[in-house]
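K.L.:
Quick one, fold the following:
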Amino acid sequence: SSPVCLPHPSPERCSSGPAPRLLPLLLFALLPQGMPRQRSGGGSSGSARGAARSRSPRAAGLQRGKPAADPTTMAADTRGTEAGAEEASLEAALERTRQALAGLAAHWREVQRSRDPCREDAGPGGVVARLADDPVGLSPAGHEWSREVGLAHVLPTGALQCRPASGSVGRDGLHASPAGGPAPATHPGLIVAPAPPCGFGVFTTTALPRGQVLGEYTGEVRRYDVWCLEIQGRKLAERSSDSSVPFIREELYAAWAGAGPDGAGVVVDAFAVGNTMRFINCSCSPSCTFKSFGTGSEKHYRLKVVTLRDIAPWEQLSVDYGWYFDDATREDVRSQAVKAYRRDLPMLGDLEKALPSSSGGSLEGVAEQSEAVQILVEALREARGPPLPLRPAPPSFLRRFVDAEALAQFLERGGGFNEVQSYMDIADAVWPLYEVVGAELVGIPCRCALDPSLNSKGRCSGVIGGRCR
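P.N.:
Coordinates of the predicted model:
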């Protein structure tokens, strides 16, 4: 899965074996429940003992002319029965999952075909269909994972990214909160499937009403300060710097869960341990949300996922992870936006040369510039130049964050690009673009509009938790 779209529901972040099974009861049903008392010529104790022996399973078997049951053979039969049941359970789950994947693929292929008949496999439909046909795409390991967390469909092999946990587990001296009762069961209609460009996502095979509880977000219950130190250590080991940006994969799964016993904060971290809810992706038009419940004596709470509206079959579930609401993260995005702007400033100073009214609209060296500069030049040519040739590929996602007409008018009125001290000094004509570039550099860009199953409206902020444009 790409870390760009992986779940990360925390508004806080650092700055710098199989389930037990009962033995089959069939064995006990087959044991004799007592033989009729044999008649004897007298009431001697010997006769009584003989009658008692005749009631034993071994004697009963011999009297009927059958060999006595061998305990070793009986145990082997029991294991065989269990193995047969396991195999039948696996095959049933695999078939159920393949049928669901086929339905999911057919639905999104049809949606994509209605949008672009030449690219019906561009959305999730094509990759989901390939998974359904892949002999190793679904495995016994995925089945065991799903059984452990109560997921009705087999988890794809490629999504085996953490240890399964139907309930959260304590760590760092903390305990999972027992308040709130047993963990809400994972809704039986949910399935984890490929969701490009986000890796994997959670889809529903059935209609879901508003207010439906889908399950609990589980993971390791951790002290926030200890977790932060661990993340900083990982960054230092990976890149010789504990700088807060860019984010690393390990910090994208921690959900804030309250102040904790000493006020230092608690997170539920689903990176290494979790369940189905960890695969829900972010969207600027979310269909679900997190709700807290079960605050315990250690002053941290649990999280459940609840639908915000009625959801149709085959929709991908989504939440808004709200990173941009975190003050420190927002400052990181703005700082990186300024850094990218300063990098491009030499070329931005010559941007007016791309206008047809200036030097014939010629600006050399564009191909060697950053993607942001190339997009700005292309926007000017679209606004003021002759028609551009047909594209060999779809436009860059960043193109939607540039208003070509506003940019052209800004330059035609004598607007220019100068050195800046903060993000507030960046011209409005290019600020939305550089804000999204900053989010990319931090590691929290949003691309939900590229997946119709995740965002049917097509309006995206470009930043997880940002404002839609």
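
K.L.:
wait, doesn't Thr157 sit right on Pro140?
P.N.:
No: Thr157 lies out of contact with Pro140 (C-beta atoms under 8 Å); the separation is 9.8 Å. All C-beta spots, glycine's among them, are computed from the backbone N, C-alpha and C.

K.L.:
any weak-confidence spans in this protein?
P.N.:
Applying pLDDT under 70 to the chain flags residues 1-84, 120-122, 358-362, 388, 390-393, 469.

K.L.:
Give me the residue at the spatial middle of it.
P.N.:
Central residue of the chain (C-alpha atoms, centre = their mean): Phe279, 1.6 Å from the mean position.

K.L.:
quick one, domains of this structure?
P.N.:
For the chain, the domain assignment from automatic domain parsing gives the residue ranges 84-321, 325-450.

K.L.:
Show the end-to-end separation of the last one, please.
P.N.:
In terms of C-alpha to C-alpha, to the nearest Å, the two terminal residues of domain 325-450 are separated by 23 Å.

K.L.:
Can we start the residue count at 9 from this point?
P.N.:
Happy to do that; since the first residue is 9 now, the last one works out to domain 333-458.

K.L.:
so how far is that domain from its chain's centroid?
P.N.:
In terms of C-alpha atoms, centre = their mean, to the nearest Å, the centre of domain 333-458 is set 31 Å apart from its chain centre.

K.L.:
returning to that earlier point: which one of the domains of the chain is the most hemmed in?
P.N.:
domain 92-329 (a mean of 19; mean count of other C-beta atoms under 10 Å).

K.L.:
thinking the residue nearest to the centre of the chain is in contact with Cys206, fair?
P.N.:
No: assessed by C-beta under 8 Å, Phe287 is found out of contact with Cys206, at 9.3 Å.

K.L.:
who's in contact with Arg230?
P.N.:
Shown in contact with Arg230 (C-beta atoms under 8 Å, 6 or more residues apart in numbering): Arg179, Asp180, Leu182, Ala262, Val274, Val275, Val276, Asp277.

K.L.:
Arg121: which of the residues you listed is nearest?
P.N.:
Closest approach between those and Arg121, by C-beta to C-beta: Ala262, at 39.4 Å.

K.L.:
what about the closest residue in space to the closest one that isn't next to it in sequence, helix or strand, and which?
P.N.:
Distances taken as C-beta to C-beta, 6 or more residues apart in numbering put Val275 closest to Ala262, at 4.1 Å, once the chain neighbours are dropped. Taking DSSP states H and E as the definition, Val275 sits inside strand 274-277.

K.L.:
now the strands: where do they sit in the stretch 159-308 of the chain?
P.N.:
Along the stretch 159-308 of the chain, counting by DSSP state E, counting those that start in this stretch, strands occupy 171-172, 177-178, 198-202, 208-212, 221-224, 228-231, 262-264, 274-277, 281-282, 289-290, 296-301.

K.L.:
re the thing from before, so can I have JSON lines of the domains of the chain showing distance to Gly474?
P.N.:
Shown next, in JSON lines, are the domains of the chain (distance: least, C-beta to C-beta, whole Å):
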{"stretch": "domain 92-329", "distance to Gly474": "8"}
{"stretch": "domain 333-458", "distance to Gly474": "7"}
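
K.L.:
ok, Val144 to Gln240 distance?
P.N.:
Look at Val144 and Gln240: by C-beta to C-beta, to the nearest Å, they are 38 Å apart.

K.L.:
and if you look at Ala193?
P.N.:
Per C-beta to C-beta, Ala193 is found 37 Å from Gln240.

K.L.:
Please apply the same query to Gln120.
P.N.:
Gln120 is 43 Å from Gln240, where distance means C-beta to C-beta.

K.L.:
what does Arg392 give?
P.N.:
To Gln240, Arg392 is 49 Å away according to C-beta to C-beta.

K.L.:
Parallel or antiparallel, which strands does the strand holding Val275 pair with?
P.N.:
Sheet pairing of strand 274-277 (DSSP bridges) gives strand 228-231 (antiparallel), strand 262-264 (antiparallel).

K.L.:
now stretch 167-179: how far from the chain's centre is it?
P.N.:
For stretch 167-179, the distance to the chain centre is 13 Å (C-alpha atoms, centre = their mean).

K.L.:
can you pull out the helices in the stretch 59-208 of the chain?
P.N.:
Using DSSP state H, counting those that start in this stretch, the helices assigned to the stretch 59-208 of the chain run over residues 65-71, 79-123, 132-141, 148-157.

K.L.:
And Val313, its phi and psi?
P.N.:
Main-chain torsions, Val313, degrees, to the nearest 10: phi -100, psi 130.

K.L.:
go on, Ala345?
P.N.:
With angles defined as degrees, to the nearest 10, Ala345 sits at phi -60, psi -40.

K.L.:
Now it: closest residue in space, sequence neighbours ignored.
P.N.:
Gly446 (3.1 Å).

K.L.:
Show the contacting residues for that neighbour.
P.N.:
Counting by C-beta under 8 Å, 6+ apart, Gly446 has contacts Asp340, Val341, Arg342, Ser343, Gln344, Ala345, Val346, Lys347, Ala348.

K.L.:
quick one: contacts for the fifth one?
P.N.:
The reference is to Gln344. So Gln344 contacts Val253, Val445, Gly446, Ala447, Leu449, Val450 (C-beta under 8 Å, 6+ apart).

K.L.:
From these, which land in helices?
P.N.:
Residues from the contacts of Gln344 lying in helices, with DSSP state H as the criterion: Val445, Gly446, Ala447, Leu449, Val450.

K.L.:
isn't the fourth one right up against Val253?
P.N.:
Yes: in this structure Leu449 lies within contact range of Val253 using C-beta under 8 Å: 6.7 Å.

K.L.:
Distance check, Leu216 against Thr226.
P.N.:
Distance, Leu216 to Thr226, using C-beta to C-beta: 20 Å.

K.L.:
which stretches of the stretch 209-358 of the chain form helices?
P.N.:
In the stretch 209-358 of the chain, the helices defined using DSSP H, counting those that start in this stretch lie at 232-247, 335-356.

K.L.:
possible to save those helices as JSON lines with distance to Ser464?
P.N.:
As requested, those are arranged in JSON lines below (distance: least, C-beta to C-beta, whole Å):
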{"stretch": "helix 232-247", "distance to Ser464": "35"}
{"stretch": "helix 335-356", "distance to Ser464": "26"}
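
K.L.:
now Asp180, nearest residue through space, not along the chain?
P.N.:
Using C-beta to C-beta, 6+ apart, the closest residue to Asp180 is Arg231 (4.2 Å).

K.L.:
Now Phe425: closest residue in space that isn't a chain neighbour?
P.N.:
Closest residue to Phe425 apart from its sequence neighbours, by C-beta to C-beta, 6+ apart: Leu356 at 4.0 Å.

K.L.:
and the residue lying closest to Leu98 once chain neighbours are set aside, what does it touch?
P.N.:
Nearest residue to Leu98 in three dimensions, chain neighbours excluded: His151, at 5.2 Å (C-beta to C-beta, 6+ apart). Contact partners of His151, counting by C-beta under 8 Å, 6+ apart, are Ser97, Leu98, Ala101, Leu102, Val162, Leu163.

K.L.:
How about the contacts made by Phe287?
P.N.:
With contact set as C-beta under 8 Å, 6+ apart, Phe287 has these partners: Pro15, Ala167, Val200, Phe208, Gly209, Val210.
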